[in-house]
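K.L.:
sequence unavailable; structure follows:
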Ligand SMILES: Cc1ncc(C[n+]2csc(CCOP(=O)(O)OP(=O)(O)O)c2C)c(N)n1
Ligand SMILES: [Mg+2]
């Protein structure tokens, strides 16, 4: 990995973390409402994969989408405004946390119905192939989504038609409060499921951004050569509850603590220092910059006006 | 009398059902270890064990299908679909199968299952998580649709649901779970197809169900206090079967009708009611039947916008004042 990219990834992971710590705080204060799912702990997956995409590649994801959006370079000001339901939000306050879109960045949405993004990913891949655009689709999904029929229909079609899709399974071991071992006989090795669809697959340590980045880079090259989809399982863990409404009674605090010892950001930071890529001083500087960017995004969102009541009916259909 | 929340009264019904029949079991996503997305089934896994409180994968279609197959062979499943929005993934099983098996098999099969789900908006959950489809479901022959608005009704209707020999959709409004009400200690049931007059009045009949009943009562209290104008509020309680008798009787008395529902206006369930009133009580009506429903727009996340799409006390009061010149 080039040095500049390495540092960019580090900054990006910090941004996700700080942004969401503040998101959690703002939720408790009531400034953000509805369902809100934090990505804290899983940052290496978004940062490692999305940093390998070009502008013309597509991303489609689930409702745990703040991290993906920030990794794609969507301005935190607009993401924060959306979380607060403001007119400067990515969907002008109509979408909310679970439905972040920025089509200018080919960020094709957070989708809040489990599995709902998978068939659409096939459409994005189909379109790319049809138009001979050479765009790859990066489609995120959770371990829970694997059990929906839409998952199986999508994998079959993607394989059959050799659609250029990288399925990135974020296996954080839980679908809401239910452990994967209780919902899949293959539990923590879900990637093997791709075999039955003739899709090459791999498993990576989703807490290790370098490994994620390397695997993604290689996978995307293969997909661009026209061989069809690839299925990548990233083993990871969310440090916070499923959503802000989650009492988290189904897992032991010791389990969470053990995973936190493996914090992807701290791990990467150590690597950067050990490899002499950056020093403590630079790290402090980066942290300051990130903090200030997050602060600015909050201030911006707080000052952004509520959407006008007249906008309510806009975009149900094309406004003629 | 017990003072219970709607959540507690439904849980009471679940416990009774589990205790009274070993063939009753609960199945759904996160109902056990997580204690239920809306905490209705909280503690039941501990109390009844994993054979009868079954956590499933996120697979709405096969959850419901398993319910159908097991109901058709003598078990008494209570299926929880986390919210009515996710029920869309099981529509095929519900509408093409559960609702049809008795008819297509000419009575050889029956599907006595209770499908509990959560309906409604108003919590800033955005377009995919704020919908009310119980009206759609009520248009499907073969299904029965229950929409309680109070803890007492919920328990009485749940008991009756468990006695049905056909599939019942039991739609619980998310914003009602914490609402309290008196629930008799003495055993009672509430029959299907029997609407309830939640507030007597003589000037206008307001017909509603589920989460909107509360709003209609609030609007009526306001009109009573400020204008001495007494509305009669009818809570349908079940959409199918539907109690037209109570509606028509009331409208013949008041001469005016307002139908209030949370679903989108176009194609809303209230249109059926309004049609029947105009047919059955035309000569008694002093003015056209008014319908108040949600605007034909997906639910926006922003609070102000979302509230603007939904019927409210204010909107009901305004409509009644304008249309009936008070
Ligand atoms: C079709 C559908 N069923 C149920 C839900 C409720 N729900 C939201 S997230 C979730 C768990 C999903 O888990 P997973 O796919 O592992 O993703 P994670 O939240 O762990 O990132 C459930 C059951 C939903 N949104 N859509
Ligand atoms: Mg998961």
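P.N.:
Yes, it's here. Computed from a predicted structure; not experimentally measured. Numbering: from 1, shown residues only, chains lettered A, B, ... in the order given. Ligands and ions are numbered 1, 2, ... in the order given.
K.L.:
so what's the closest residue to residue B:246 other than its chain neighbours up against?
P.N.:
Closest residue to residue B:246 in three dimensions, ignoring its sequence neighbours and counting by C-beta to C-beta, 6 or more residues apart in numbering or on different chains: residue B:195, at 4.2 Å. For every residue, glycine as well, the C-beta is placed using N, CA and C. Residues touching residue B:195, when contacts are defined by C-beta atoms under 8 Å, 6 or more residues apart in numbering or on different chains, comprise B:234-237, B:243, B:246-247.
K.L.:
could you check the pLDDT of residue B:195?
P.N.:
In this prediction, residue B:195 carries a pLDDT score of 98.
K.L.:
distance of it relative to ligand 1?
P.N.:
Between residue B:195 and ligand 1 the distance is 32 Å, computed by C-beta to the nearest ligand atom, to the nearest Å.
K.L.:
dump the contacts of residue B:195 into JSON lines; add pLDDT, secondary structure and distance to ligand 2 as well.
P.N.:
Converted to JSON lines, these look like this (pLDDT from 0 to 100; DSSP: H, G, I helix; E, B strand; the rest coil; distance: C-beta to the ion, whole Å):
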{"residue": "B:234", "pLDDT": "98", "secondary structure": "strand", "distance to ligand 2": "45"}
{"residue": "B:235", "pLDDT": "99", "secondary structure": "strand", "distance to ligand 2": "40"}
{"residue": "B:236", "pLDDT": "98", "secondary structure": "coil", "distance to ligand 2": "39"}
{"residue": "B:237", "pLDDT": "98", "secondary structure": "coil", "distance to ligand 2": "38"}
{"residue": "B:243", "pLDDT": "98", "secondary structure": "coil", "distance to ligand 2": "45"}
{"residue": "B:246", "pLDDT": "98", "secondary structure": "helix", "distance to ligand 2": "48"}
{"residue": "B:247", "pLDDT": "98", "secondary structure": "helix", "distance to ligand 2": "47"}
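K.L.:
most widely separated two among these?
P.N.:
The span of these, defined through C-beta to C-beta, is set by B:237 and B:247 at 12.0 Å.
K.L.:
ok, these two, which is more surrounded?
P.N.:
Counting neighbours by other C-beta atoms under 10 Å in any protein chain shown for residue B:237 and for residue B:247 shows that residue B:237 has the greater number, 28 against 22.
K.L.:
and that one, backbone torsions?
P.N.:
The phi and psi values for residue B:237, taken as degrees, to the nearest 10, are phi 70, psi -50.
K.L.:
all strands of the stretch 151-300 of chain B, in order?
P.N.:
Ranges of strands within the stretch 151-300 of chain B are B:168-173, B:180-183, B:196-199, B:204-208, B:231-235, B:238-240, B:257-264, B:290-294, based on DSSP state E, counting those that start in this stretch.
K.L.:
tell me the helices and strands packed up against the longest one.
P.N.:
Judged by 3 or more C-beta pairs under 8 Å, 6 or more residues apart in numbering or on different chains; DSSP states H and E, the packing partners of strand B:257-264 are helix B:134-137, strand B:204-208, helix B:212-227, helix B:270-280, strand B:290-294, helix B:313-323.
K.L.:
out of those, which one sits most buried?
P.N.:
Per residue and on average, the most neighbours among those fall to strand B:204-208, with a mean of 28 (mean count of other C-beta atoms under 10 Å in any protein chain shown).
K.L.:
with distance to ligand 1 added, can I get the contacts of residue B:195 in a markdown table?
P.N.:
Conversion of the contacts of residue B:195 to a markdown table gives the following (distance: C-beta to the nearest ligand atom, whole Å):
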| residue | distance to ligand 1 |
| --- | --- |
| B:234 | 34 |
| B:235 | 29 |
| B:236 | 28 |
| B:237 | 27 |
| B:243 | 33 |
| B:246 | 36 |
| B:247 | 35 |
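K.L.:
narrow these to just the buried residues.
P.N.:
If you count burial by 16 or more other C-beta atoms under 10 Å in any protein chain shown, the buried members of these come out as B:234-237, B:243, B:246-247.
K.L.:
with adjacent residues omitted, what lies nearest to residue 147?
P.N.:
Since no chain was named, I'll use chain A. Distance criterion C-beta to C-beta, 6+ apart; nearest residue to residue A:147, sequence neighbours excluded, is residue B:57 at 3.5 Å.
K.L.:
wait, I meant chain B there
P.N.:
Distances taken as C-beta to C-beta, 6+ apart place residue B:210 nearest to residue B:147, at 4.0 Å, with adjacent residues excluded.
K.L.:
next, count neighbours for the one you found.
P.N.:
27.
K.L.:
same check on residue A:87?
P.N.:
Taking other C-beta under 10 Å as the definition, residue A:87 ends up with a neighbour count of 16.
K.L.:
next, give phi and psi for it.
P.N.:
Comment: the main-chain dihedrals of residue A:87 come out as phi -70, psi -20, following degrees, to the nearest 10.
K.L.:
go ahead and measure how far stretch B:301-308 is from the middle of the chain.
P.N.:
Mean C-alpha position of stretch B:301-308 versus that of the full chain (C-alpha atoms, centre = their mean, to the nearest Å) differs by 23 Å.
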